[in-house]
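Asks: Sequence first, then the predicted structure:
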Amino acid sequence: MSLSRRTFLGMTAAATAAGLSSPLIGSTLDQAAGAERAAPAAEFAIGVRQFNWSRGSRSLVTKIFYPTP
């Protein structure tokens, strides 16, 4: 799947504005929450999205792993 950089950044900004993304680890919002969260004890399914970026002769493969229901 090919996705332009602007489309990806626009989708990310829209998700952040809608409150669909979690704060980054180490951000002030995460530190304000208090104690550290424990790792999940149960197993869960993992989804994967792969993006292939390229500019000229350079290429970068990015895989995003996320939990699924």
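Replies: Great, that's in hand.
Asks: Quick check: chain neighbours aside, which residue is closest to residue 67?
Replies: Leaving aside its chain neighbours, residue 67 sits nearest to residue 44 (5.1 Å; criterion: C-beta to C-beta, 6 or more residues apart in numbering). (Glycine included, C-beta is placed from N, CA and C.)
Asks: Tell me, how many residues neighbour that neighbour?
Replies: Neighbour count for residue 44, taken as other C-beta atoms under 10 Å: 8.
Asks: any idea how far it lies from residue 7?
Replies: 29 Å (C-beta to C-beta, to the nearest Å).
Asks: wait, doesn't residue 54 sit right on residue 60?
Replies: Yes. Between residue 54 and residue 60 there is a contact at 7.3 Å, judged by C-beta atoms under 8 Å.
Asks: Just the pLDDT at the residue nearest to residue 67, thanks.
Replies: Note on residue 44: pLDDT of 85.
Asks: Could you measure from it over to residue 68?
Replies: Counting by C-beta to C-beta, the gap from residue 44 to residue 68 is 7 Å.
Asks: OK, contacts around residue 62?
Replies: By C-beta atoms under 8 Å, 6 or more residues apart in numbering, the contact set of residue 62 is 50-53.
Asks: Now render those as a markdown table, adding distance to residue 39.
Replies: Converted to a markdown table, those look like this (distance: C-beta to C-beta, whole Å):
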| residue | distance to residue 39 |
| --- | --- |
| 50 | 25 |
| 51 | 27 |
| 52 | 31 |
| 53 | 30 |
